[in-house]
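Enquirer: For reference, the sequence and a predicted model appear below.
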Amino acid sequence: MAAFDYFKMNVHRAAALLGYSQETVDRLLTPDRVLKAPLSITMDDGSTQTFQAYRVQFSNARGPYKGGIRFHPDADEDEVSALAAMMAIKCAVVDIPFGGAKGGVAVDPKKLSLNELDAIARAYVQAFVEHLGPELDVPAPDVYTNSHIMGVMLEEYERITGTKAPAMITGKSLDMGGIVGRDTATSDGAIAVLDALLADQHRDITNLTVSIQGTGNAGARAATLLSDLGAKVVAMSDSKGALRNPEGIDVQKVLEKKDAGKSLNDTEFADEPFSHAQYDAEEIIGMSADILIPAALEEQIRLDNVESVKASIVLEIANGPITPEADESLAERRVVIVPDVLANAGGVTVSYFEWLQNRSGETWTKERVAERLEETMHDAYRDVADFALDRNCTLREAAYALALGRINDA
Ligand code: GLU
């Protein structure tokens, strides 16, 4: 199913719970603006290459458009639109005053030099500058973009507009006006939601086992936090391989090796203290654990592997890691799915704190960020869980319904 169709399906379900008319649903499903531009870049060898860029501004009913920009070969209008729409839902779920947007450039960043990537970042701002700004549309990092790219975009925006405007983009480095804790916010927020869910279920994290798909920024941070909290991380995977150790993996040791450039299929991970055995990367989905955390890419749990899932909780740190068919199958089995629009909303929540910080000229402390993030995520979980209980629906249906209600009332 195309990404935007999946979004539509979720909206239709939520709209049915809310009793919305077809007309209201159609309005809520229509993006405000789809911007497209070809970006022509001079490559290091002097040749010119063109990359298609997108910015979809989905809704600003609750505040300025907000959402990341990804550099990925598969970025296209359908995907960027779905992700923009999900941003509007996400911001409404955590009740921050932003709308939803997303950007993308169809490029494989692994094939370009840093210099060429910087040129793409500048060209992106040049193409869409009139639609961007602290009160208008505020981008952030997403897949394969980072604080450095945000800094380049900010410099280009300030150069063109002749203004000082750090609040036009979030996820910047600290020296460019970024906020402490933005880099770990997505996972920190997800673990705060998990913590609230487990409290509801009267379960203690120290008695539970976890498997985590992905060792990028989000997966690595989630693994570290969970092992620090006393959970047993029994399985981890990256794009090349998976490790499993029922006695618990030494997360720090694994991540140190990863930082040194190793992949989980390298032979040195084959033995203790890393694992009992190595597996193919995709086998992570079916490994025995109480909690499964997809923290990598879209569509990882599908009809062909959903039967193998053994976890009773799936925490969606990635965007869209479960296909609609697999989602239904898990719901039938009463597996609790913490949906992406709640689980990974910590990233944009701390982006909001960064935006506030830039606009007030203050510098937030690490403690203030952590406290406000936890409070925001706990409140959001409470709202979603209460709605789900009240209406006897899934957390995903509840999150969408709650968010659509807030957007529609704005
Ligand atoms: N790209 C992140 C997301 O998907 C963060 C967006 C933001 O901070 O604006 O939620």
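Expert: Noted; the coordinates are in hand.

Enquirer: Please make it C-alpha for all contacts and neighbour counts, starting now.
Expert: OK.

Enquirer: Before we go further, residue 52 is sitting in a helix, right?
Expert: No: going by DSSP: H, G, I helix; E, B strand; the rest coil, the assignment for residue 52 is strand, not a helix.

Enquirer: How many neighbouring residues does the nearest residue to residue 219 once chain neighbours are set aside have?
Expert: Spatially, and ignoring its direct neighbours in sequence, residue 219 is nearest to residue 295 (5.2 Å; Cα to Cα, 6 or more residues apart in numbering). Residues contacting residue 295 under the criterion other Cα atoms under 10 Å number 27.

Enquirer: cool, residue 121 as well?
Expert: 24.

Enquirer: so it is in which element?
Expert: Using DSSP states H and E, residue 121 sits within helix 114-128.

Enquirer: Identify all contacting residues around that helix.
Expert: Applying Cα atoms under 8 Å, 6 or more residues apart in numbering, the set of residues contacting helix 114-128 from outside is 35, 37, 39-44, 53, 55, 109, 149, 152-153, 156-157, 160.

Enquirer: show me the contacts for residue 92.
Expert: Contacts of residue 92 (Cα under 8 Å, 6+ apart): 62, 98-99, 402-404, 406-407.

Enquirer: let's see 6 Å
Expert: Shown in contact with residue 92 (Cα atoms under 6 Å, 6 or more residues apart in numbering): residue 403.

Enquirer: Roughly how far does it sit from residue 360?
Expert: Counting by Cα to Cα, to the nearest Å, the separation of residue 92 from residue 360 is 23 Å.

Enquirer: do the same with residue 106
Expert: 35 Å.

Enquirer: which residues in the stretch 301-410 of the chain form helices?
Expert: 324-332, 340-343, 346-360, 366-391, 395-409 (DSSP state H, counting those that start in this stretch).

Enquirer: buried residues in the fourth one?
Expert: By neighbour count, and taking 16 or more other Cα atoms under 10 Å as the criterion, the buried residues in helix 366-391 are 369-370, 373-374, 376-385, 387-388.

Enquirer: out of those, which one sits closest to residue 221?
Expert: residue 370 (14.5 Å; Cα to Cα).

Enquirer: Not counting sequence-adjacent ones, nearest residue to that closest one?
Expert: Nearest to residue 370 is residue 181, by Cα to Cα, 6+ apart, at 7.6 Å.

Enquirer: How about the residues of the stretch 51-200 of the chain by the ligand?
Expert: Within the stretch 51-200 of the chain, the residues that sit near the ligand (Cα under 6 Å from any ligand atom) are 66-68, 139-142.

Enquirer: How about the stretch 201-350 of the chain?
Expert: Residues of the stretch 201-350 of the chain lying close to the ligand by Cα under 6 Å from any ligand atom are 345, 347-348.

Enquirer: Out of those residues, which comes closest to the ligand?
Expert: residue 348 (3.5 Å; Cα to the nearest ligand atom).

Enquirer: Just give the number of residues close to that closest one.
Expert: Per other Cα under 10 Å, the neighbour tally for residue 348 reads 27.

Enquirer: and if you look at the one 5 residues further on?
Expert: Using other Cα under 10 Å, residue 353 is surrounded by 23 other residues.

Enquirer: Below-threshold pLDDT in this structure: ranges please.
Expert: The model of the chain has pLDDT under 70 over residues 272-274.

Enquirer: Where do the strands of it begin and end?
Expert: 33-42, 48-59, 65-71, 100-105, 137-141, 209-213, 232-237, 242-244, 277-279, 291-294, 313-315, 336-338 (DSSP state E).

Enquirer: Please work out which of those strands is packed deepest.
Expert: With neighbours taken as mean count of other Cα atoms under 10 Å, these reach their highest mean count in strand 100-105, at a mean of 30.

Enquirer: Partner strands of that one and their direction?
Expert: As defined by DSSP bridges, the strand partners of strand 100-105 come to strand 48-59 (antiparallel), strand 65-71 (parallel).
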